[in-house]
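[1] Mind folding the following:
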Amino acid sequence: MLRVLGLAVVFSEAVTALDFSQCRCTSYNCLVEVPFHTLNASVNGRLVHVPDEMKPCFIDGIQSFECAVDLNKTDDEFFYTSQVGGFMHSGLYPSGRRSEPGWTLAHNLSVFAVAAENSDDVQAAVAFAGQWNLRLVVKSTGHDWFGRSGSHPDLKGSLMVWTHKLKNITWHEEPFIPEGCINADAVADAVTVGAGVQFADLYPKAEDRNRIVNGGTCTSVGIAGCTLGGCFGSFSQALGSAASNLVQAHVILANGSRVTASTCENSDLFWAMRGGGAGFGVITDLTYRSYPTPEYITYVDFEGSIQNPSADDVQAAAVEVLRAADQAVQAHQGWNGGLRIPTLKAPSYGLTLSTYNGNARAGEALLGDVLAWTKAQGLRFSGSINSRVEHRPASGWAVPGAPEGQVTLPWDDPHHDTEIGTEHLVSMSKWITHSALSEGPGDIGFQKVATALINLTTISTSGLLASLPTTVSLDMAKSQGGASPLAVDLFRKTAQSPVLLDTVAFLTSQWRVPTLPQLPPSSEVLKALWPRLQKYAITSPSDPLYSVCEIGAKGNSTSALACFDGWSTRVPSIVNELMVLKDELWRQFPPTRDNISHWSGSYWNEADFYEPDWQISFWGAATYAKLLAVKHSYDPTGLLTCHHCVGSEEWDPTGNCKRGQDTL
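    Here you go, the predicted model:
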């Protein structure tokens, strides 16, 4: 006896197959025919239910001790990622437009999950899903912004493969030779990690060996999922992305077979899985290059400001910041960094550079022109360059005391508050390219981009948005335009969008608020959310809602309900302002069907849920055509279809039916 979608049913042993000519088997009438007990037996009893992470609040009551314990963990990223039913993001607020309805985290969607403890479990789950025409979902940590790992309502009735328990980390003492390769292809100091390993697991162990594996900065993110989209970190310009540094993966294909992907075996699959997104196979382990831990980290910063600025002053300063960033990128010294664009309201501007074992004097020289320009403008302008070199302490880079028992390293962020149990109000990103800045005649390209960024920054710091800490940000870490020769060489062997080699900066704007949508409003829920609500949503004590919410969080039920009601009333207006920001982004950086656009292109891991022309935006036409061919070769039935994954345009918006078919 097994329980499916809340109903007790006995599965028939006599059923042998389902009709594959129709859609995925996701409805109750279809699922009752699936012999899940045979799958459970094949994975040694590791077929589990997928409960809500707030299950005690439903079972024991919102005021129970058990519920209070879990509510107190909702500021803990590892609380979410360690549970089969835990997801870091709880949905996307509707924009108010018919074409953008949004979605809300829905729980108990997957019929069951295989809590895989080895590659055999993964293989059994994938083969079973293929045999019985099930919708298959793959989840490690549940960070995916679009709900692809199991929280989106379209995934109701799916079978989940949960890879989080694949936590092995093996350092290779001898040079690692990818399977099928020769000694000349050996990689020294390689490390093999299971598909459930998070950066918090790997980074400290690498540091203990005086090594670094370059990946993301949010430590609770899973390295496997991050790698599929690219995965950039603090030293990506110097060392390349995680995708660029992958040297081998073991993969379970849609047909249930187990293969090796490397430059010597299934090389087309290996190419696609390094930046081509999810959906080509289910990874069970990955092997990466590692590098010596930095002896020192170099930081160089230019900070400028304008007194009583005019619009022309702001425009001119923005152009010079962009010019300095472009010069830093074109030097190919591996500098990461961030740009600060001025506005009339906030007339400071600047550029910060940092890199692995960098030359401070070289960095200062790159910022010399913007400093000279600033000094030449007269007394209303001021600016300075500051640099520092941080040497590795004798005890190592790791500093204990970070949240959830972690250590802090200069290249990670152990507590990404804005990504813990949050709902997206909007997410969007764009690459800023050297080609766009170089458009002639004269400085027309710099002028166009400066105008666009000033407008976007102004919108993001006006109206209701001014009270929220998120804004438009520009960083150089998630681009490869200034990459070192090493990083460029590695990049060219991957499926990452070729536009990245032309990028100067990455523009991103993600607006998120903490929420627990599965629980009814109460003072208990507000108490759990209030520390982050006052940090990211209701930020000022002068806000009329602030005192109401503060009283509600202390136990006053009437005030708690008034707080939730007041915030719910406010959010549509905030989203309306965000839609103005979004429209301006698309007006200034319009989508195009060019292979590589000077003005468009987004990052698959951090894009707009409704990204137009997403195939071109994420990869460009030529790369996408190659990716689609690989998809058809390794997943011809589309078992691993997911939102805005390669080949998903061949399915209906739910991903459950081929175009023109009806669901079972």
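[2] quick one: pLDDT of the residue most central in space within the chain?
    Centrality entry for the chain: nearest residue to the mean C-alpha point is residue 605, 4.2 Å, by C-alpha atoms, centre = their mean. pLDDT, residue 605: 94.
[3] My guess is it contacts residue 230. True?
    Yes - contact between residue 605 and residue 230 holds when scored by C-beta atoms under 8 Å: they sit 6.4 Å apart. C-betas here are computed from N, CA, C, even on glycine.
[4] Show me what the longest helix seen in the chain is packed up against.
    What stands out as the longest helix in the chain, according to DSSP state H, is helix 557-588. Counting contacts by 3 or more C-beta pairs under 8 Å, 6 or more residues apart in numbering; DSSP states H and E, helix 557-588 packs against strand 422-433, helix 444-460, strand 503-514, helix 523-536, helix 544-553.
[5] want to throw these into JSON lines with mean pLDDT and mean neighbour count?
    Converted to JSON lines, the helices and strands packed on helix 557-588 look like this (pLDDT from 0 to 100; neighbours: other C-beta atoms under 10 Å):
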{"stretch": "strand 422-433", "mean pLDDT": "92", "mean neighbour count": "24"}
{"stretch": "helix 444-460", "mean pLDDT": "96", "mean neighbour count": "20"}
{"stretch": "strand 503-514", "mean pLDDT": "93", "mean neighbour count": "24"}
{"stretch": "helix 523-536", "mean pLDDT": "95", "mean neighbour count": "20"}
{"stretch": "helix 544-553", "mean pLDDT": "97", "mean neighbour count": "19"}
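[6] Show me the one of the ones you listed that comes nearest residue 343.
    With C-beta to C-beta, the closest approach to residue 343 among these belongs to helix 444-460: 4.9 Å.
[7] mind listing what residue 420 touches?
    Going by C-beta atoms under 8 Å, 6 or more residues apart in numbering, residue 420 touches 74-77, 80, 88, 514, 532.
[8] Strands along the stretch 1-150 of the chain, start to end?
    2-4, 7-9, 47-48, 89-92, 103-104, 112-115, 136-139 (DSSP state E, counting those that start in this stretch).
[9] State the mean pLDDT of the strand or helix carrying residue 325.
    Element membership of residue 325 [criterion: DSSP states H and E] is helix 311-330. Throughout helix 311-330, pLDDT has a mean value of 97.
[10] right, and residue 196 touches residue 140 too?
    Yes - using C-beta under 8 Å, residue 196 is in contact with residue 140, at 5.4 Å.
[11] pretty sure residue 434 is touching residue 326, no?
    Yes - using C-beta under 8 Å, residue 434 is in contact with residue 326, at 6.0 Å.
[12] Just give me the residues shared between the contact sets of the two.
    residue 504.
[13] of the two, who's got more company?
    residue 326 (22 against 19; other C-beta atoms under 10 Å).
[14] dump the residue contacts of that one.
    Per C-beta under 8 Å, 6+ apart, neighbours of residue 326: 434, 437, 504.
[15] Between those residues, which sits nearest residue 549?
    For the contacts of residue 326, the nearest to residue 549 is residue 504 (41.1 Å; C-beta to C-beta).
[16] what is in contact with residue 196 and residue 140 at once?
    Joint contacts of residue 196 and residue 140 (C-beta under 8 Å, 6+ apart) are 163-164, 222, 224.
[17] Just flag the most distant two among the residues you listed.
    The largest separation in the shared contacts of residue 196 and residue 140, counting by C-beta to C-beta, is between 164 and 224 at 10.3 Å.
[18] Those two: which is more packed in?
    Set side by side, residue 164 and residue 224 show more neighbours around residue 224, with 29 against 23, by other C-beta under 10 Å.
[19] could I get the shared contacts of residue 196 and residue 140 as JSON lines with pLDDT and secondary structure?
    Shown next, in JSON lines, are the shared contacts of residue 196 and residue 140 (pLDDT from 0 to 100; DSSP: H, G, I helix; E, B strand; the rest coil):
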{"residue": "163", "pLDDT": "98", "secondary structure": "coil"}
{"residue": "164", "pLDDT": "97", "secondary structure": "coil"}
{"residue": "222", "pLDDT": "96", "secondary structure": "strand"}
{"residue": "224", "pLDDT": "97", "secondary structure": "helix"}
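[20] for these, which one is nearest residue 451?
    residue 222 (39.0 Å).
[21] And for that closest one, the neighbour number?
    29.
[22] where's the nearest residue to residue 615 once chain neighbours are set aside relative to residue 148, distance?
    For residue 615, ignoring the flanking residues on the chain, the nearest one in space by C-beta to C-beta, 6 or more residues apart in numbering is residue 624 at 4.5 Å. Residue 624 sits 18 Å away from residue 148, going by C-beta to C-beta, to the nearest Å.
[23] Could you count how many residues lie near the residue lying closest to residue 424 once chain neighbours are set aside?
    Among residues not flanking residue 424 along the chain, residue 92 sits closest, at 4.6 Å (C-beta to C-beta, 6+ apart). Neighbourhood size, residue 92 [other C-beta under 10 Å]: 25.
[24] just residue 364 next, same as before
    Residue 364 has 17 nearby residues by other C-beta under 10 Å.
[25] same check, this time on the one 4 residues further on
    With neighbours defined by other C-beta under 10 Å, the count for residue 368 comes to 14.
[26] How about residue 405?
    Around residue 405 there are 10 residues (other C-beta under 10 Å).
[27] what do you get for residue 333?
    So residue 333, with other C-beta under 10 Å, has 20 neighbours.
[28] who's in contact with residue 78?
    So residue 78 contacts 200, 220, 404 (C-beta under 8 Å, 6+ apart).
[29] Neighbour count, distance to residue 239 and pLDDT added to those residues, as a markdown table?
    A markdown table is the format used below for the contacts of residue 78 (neighbours: other C-beta atoms under 10 Å; distance: C-beta to C-beta, whole Å; pLDDT from 0 to 100):
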| residue | neighbour count | distance to residue 239 | pLDDT |
| --- | --- | --- | --- |
| 200 | 21 | 20 | 95 |
| 220 | 28 | 22 | 94 |
| 404 | 15 | 27 | 85 |
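[30] Relative to residue 264, which of these is nearest.
    Looking across those and measuring by C-beta to C-beta, the closest to residue 264 is residue 200, at 31.8 Å.
[31] counting contacts, what elements does the helix or strand where the closest one lies pack onto?
    In this assignment (DSSP H and E), residue 200 forms part of helix 199-208. With contacts taken as 3+ C-beta pairs under 8 Å, 6+ apart, helix 199-208 sits against strand 169-171, strand 191-194, helix 223-229.
[32] Would you reformat those as JSON lines and include distance to residue 216?
    Below are those laid out as JSON lines (distance: least, C-beta to C-beta, whole Å):
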{"stretch": "strand 169-171", "distance to residue 216": "16"}
{"stretch": "strand 191-194", "distance to residue 216": "13"}
{"stretch": "helix 223-229", "distance to residue 216": "5"}
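[33] and residue 651, how many neighbours does it have?
    Neighbours of residue 651 (other C-beta under 10 Å): 20.
[34] Then the one 3 residues further on?
    The burial metric for residue 654, expressed as a neighbour count using other C-beta under 10 Å, is 18.
[35] same deal with residue 45?
    Look at residue 45: counted by other C-beta under 10 Å, it has 9 neighbours.
[36] now swap in residue 321 and tell me
    There are 25 residues near residue 321, going by other C-beta under 10 Å.
[37] Equivalent analysis for residue 85, please.
    24.
[38] Looking at residue 624 and residue 148, which is more packed in?
    Legend: neighbour count by other C-beta under 10 Å for residue 624 and residue 148, higher for residue 148 (25 against 21).
[39] Tell me the secondary structure at residue 302.
    strand (DSSP: H, G, I helix; E, B strand; the rest coil).
[40] who touches it in this structure?
    Residue 302 touches 324, 350-352, 367, 370-371, 383-385, counting by C-beta under 8 Å, 6+ apart.
[41] Residue 160 too?
    Residue 160 neighbours (C-beta under 8 Å, 6+ apart): 50, 84, 110, 112-114, 136-139, 150.
[42] do that again at 7 Å, thanks
    50, 110, 113, 137, 139, 150 (C-beta atoms under 7 Å, 6 or more residues apart in numbering).
[43] Against residue 428, how distant is the third one?
    Put plainly, it is residue 113. 31 Å.
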